[in-house]
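S.K.: Here is my input; please provide its structure:
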Amino acid sequence: MHHKGYDIIYAEPGELDEARCRVCGTACDARRDVPTAAGLAESMAGSKRRRDVFTCPHAATEWHVLALKLVQEIERTPSKRLAELMRLDLRDLLSEHVPDDARHAPEWLG
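M.R.: Now for the predicted structure:
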């Protein structure tokens, strides 16, 4: 399951050449100019617009789900110390599963 803004990105057709997963930094797979709903409200309303859709190829893996939870907790915690400890865990997890040449450090890694 993808999480909007983290491992699935919607853009206007042609707006982005590429997108990277905000969780692991991997280049996302792109589907161009497809009719899609970009959220729950659009989906429930049956509304679709043409968009480019970028998805992380690792989103369904167990390690990526754990990495997503760490990213969300890093964003949520008010504690700088806890956030730094979680960043260390996240770096270890990513170094195990994403080759260096495929990964770009997401902004939350600091």
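S.K.: how near is residue 56 to residue 80?
M.R.: For residue 56, the distance to residue 80 (C-beta to C-beta, to the nearest Å) stands at 27 Å. Where C-beta positions appear, they are placed from N, C-alpha and C, glycine not excepted.
S.K.: which ones are touching the closest residue in space to residue 3 that isn't next to it in sequence?
M.R.: Spatial nearest neighbour of residue 3, chain neighbours left out: residue 68 (6.2 Å); criterion: C-beta to C-beta, 6 or more residues apart in numbering. Contact analysis of residue 68 by C-beta atoms under 8 Å, 6 or more residues apart in numbering lists 3, 6, 7, 23.
S.K.: A helix includes the last one, no?
M.R.: No - according to DSSP: H, G, I helix; E, B strand; the rest coil, residue 23 belongs to no helix; its state is coil.
S.K.: can you give me the helices in this protein?
M.R.: Taking DSSP state H as the test, the helices found in the chain are 40-45, 62-76, 80-97.
S.K.: count of neighbours near residue 91?
M.R.: 14 (other C-beta atoms under 10 Å).
S.K.: Hmm, residue 54 is touching residue 29, no?
M.R.: Yes - the pair residue 54 / residue 29 is scored as a contact, 7.0 Å apart, by C-beta atoms under 8 Å.
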